[in-house]
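Chemist: this one's structure only:
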């Protein structure tokens, strides 16, 4: 019988570091096709519709950009926090609070807005997200409460806040009783950058955010601090970096970027605040951050891959009647294979010659 | 009578390194056999294969003349092989008895076990109360638990891995008495160490390893310490060159009534510590592990937040409230005991590791951005000046051997030309060649006018290096005096907590 053993590599393999995300996507396609065939669907067709149609059909490209933008912005923020071992799972809540803060600016300035409305909404969005990220930071640094729990639970609180606001104080008086705000005034809506498409200004902003984050993470003392606290907290303290300060920075930055994504969504595709505003971008961005190797440049590609599964999932719903949950299954499989494959970055598989029977 | 243990052509290959290359030697019944070699010579790998933790790639292990395979430690214990590790595996919150019960393969009623433990303790004079909590025991007493645990199985071969590195001289003598008694009853002992005078005093035979190969099997009593050391490192040994007639200048580091708070259940804080180190002086701080050395180093480096401004001063400036970064700016650099994860980040390149402590003193940061060119240049200089074996500044710290990483870390701090350098265990687990280089670099730094504090458990190291010496015990520091004023016995008594001589 052939036996294999895991053996630690002397240096982490750079090849495997970049090969595992690609392999994870590939394995997801293969295993996904097998599973969906086994339960009676057209498995190969499902994989084709989900992973290939969004790429081959140029009409779908603008959808990809619009879906990828918030994933990239939130994913970049999360990748910074995760580098520092700060596990912000509540980006969805920070995204919602960013959207609500921007909505507040849009509604308050309705009819009296100007060129400053969008920048003000952006600042409000970031401040809203950062403030919501500050709660887990405060609890973690003061009372040592696990940020995974607090950030996640705060998400559900923020969803209830939307329901309350759009049903009572912010409800559109002309909305025929629908629980939603009025449509934002034109100064409070994101301009389309390609006329005749749905591609809004959030798409280039996402790329710019990722590039700036990459530069800061790889070149600045701030980025160094995030990396060293995550890699070796004891060494970070020896090097003069405060752990509490790092927790604050990580949650404020990731919260602020999630809030920015919320602002771009509400001022872009949604054009008003609605109860359906939470679309799980904040949770999907967790997969994006890991698939992108916690590297802002990698997050751009991971955001696009994840957008492909969203757009493709919708295609598959209409063309082969696949349930919407199938998209979630594919996304989860991708994260699973990625994390499982990660062991090969530090370990290699080695064949061992079986030993003869023990005589003891 | 067949040999108790015989190794024939044992070979073990790890990625990139041949840890053991056809090693063969034999241990007779009742023999105390030393296994000698530098760090990385392959001693640990060899005993791990004897104890069943690893399997050899090729070669044969014979036990009482019969070839055997030892698939795991349990099988080794069944054969009659016991082992006492360098790092103890004890639960601090449990009692001696509970710890021993947890480590037994067979389930024995606790009353019966206690009777057997008391019997073993009686026979070998290993005095210990089975109902004491481990946290309250000294390191020497903890080692006794491990020895008792091994002896309960009536071993025919006892492997001791660097047993004396944490003991006071008096405890070492007690340990040797026990080992000699065991040997006289026919138990063989495989004794791993790099302390040559101990091997001369205790062992009948010494097997010397170098680079995974067996160099020599000799009679240590017929050799000199120097001749064995040279076989161990393969070249002539360099002595530390201390310039004659050095004079100490102005006080550089003054510590006055430094007290720390207890941060965890089992750590030892320091209480009312005072000392002065002058320019050009090396102060050695001796002590058994776990007597407040970590708290002292952290309090000096600034990792442990100070509460009194005047408790520490450099060049007359009170720095007691400053954080690590500010203290470095004022000229105080520190090297903690633990290399990986504390003094260096294993996953980072050496260049990035230089940024960790040298970024301010050497101007590696401009407008919040890291000047990686400056970090690379500096790291290259450290690698060249301290003969660090590394592929270059881009190699990860984790890829370096312990000794090379320590050379890099010491180089990184020394080349910053600190006013005051505080180091803990500068040559812990480092081979003799690298240790000599580190010692010489420390002496040179002192000669150039810096004040140096060396915290170490290795008395040989402190006696070779220090100008003045103080002893730490239970968080209290004895008065410092010139090295020549101390006898080894006196240092040992101070390490054990007898402060009677202080008044004299």
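Modeler: In hand now; what should we look at? Keep in mind it's a predicted model, so treat the numbers as computed, not measured.
Chemist: The closest residue to chain B within the stretch 151-300 of chain A: how many residues sit nearby?
Modeler: Per CB to the nearest CB, the residue of the stretch 151-300 of chain A with the smallest distance to chain B is residue A:240, at 3.6 Å. Where C-beta positions appear, they are placed from N, C-alpha and C, glycine not excepted. Neighbourhood size, residue A:240 [other CB atoms under 10 Å in any protein chain shown]: 21.
Chemist: just residue B:69 next, same as before
Modeler: As a burial measure, residue B:69 scores 16 neighbours (other CB under 10 Å).
Chemist: quick one: it and residue B:61 touch, right?
Modeler: Yes - taking contacts as CB atoms under 8 Å, residue B:69 lies within contact range of residue B:61: 7.5 Å.
Chemist: list the contacts for the residue nearest the centre of chain A?
Modeler: With the centre of chain A defined as its mean C-alpha position, the nearest residue by CA atoms, centre = their mean is residue A:285, 1.4 Å away. Residues near residue A:285 by CB atoms under 8 Å, 6 or more residues apart in numbering or on different chains: A:70, A:71, A:74, A:75, A:78, A:91, A:258.
Chemist: Secondary structure element for it, which one?
Modeler: helix A:281-291 (DSSP states H and E).
Chemist: so how far is that helix from its chain's centroid?
Modeler: Using CA atoms, centre = their mean, to the nearest Å, we find the averaged C-alpha position of helix A:281-291 to lie 3 Å away from the chain's own average C-alpha position.
Chemist: go on, stretch A:214-222?
Modeler: Centroid separation for stretch A:214-222 versus its chain: 20 Å, with CA atoms, centre = their mean.
Chemist: can you check stretch A:340-349 too?
Modeler: Relative to the centre of its chain, stretch A:340-349 is centred 24 Å away, using CA atoms, centre = their mean.
Chemist: do stretch A:165-182 as well
Modeler: Average the C-alpha atoms of stretch A:165-182, do the same for its chain, and the two points are 29 Å apart (CA atoms, centre = their mean).
Chemist: what is the mean pLDDT for it?
Modeler: Model confidence over stretch A:165-182 averages 86 on the pLDDT scale.
Chemist: Could you give me the buried positions within that stretch?
Modeler: By neighbour count, with 16 or more other CB atoms under 10 Å in any protein chain shown as the criterion, the buried positions of stretch A:165-182 are A:165, A:166, A:170, A:172, A:179, A:180, A:181, A:182.
Chemist: Inside helices: which ones of the residues you listed?
Modeler: Taking DSSP state H as the definition of helices, the buried residues of stretch A:165-182 contribute A:165, A:166.
Chemist: and chain B, which of the buried residues of stretch A:165-182 reach it?
Modeler: Contacts with chain B within the buried residues of stretch A:165-182, as defined by CB under 8 Å from any CB of the partner chain: none are present.
Chemist: okay if I get the buried residues of stretch A:165-182 as TSV plus distance to residue B:29?
Modeler: TSV is the format used below for the buried residues of stretch A:165-182 (distance: CB to CB, whole Å):
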residue	distance to residue B:29
A:165	85
A:166	87
A:170	89
A:172	95
A:179	89
A:180	90
A:181	90
A:182	95
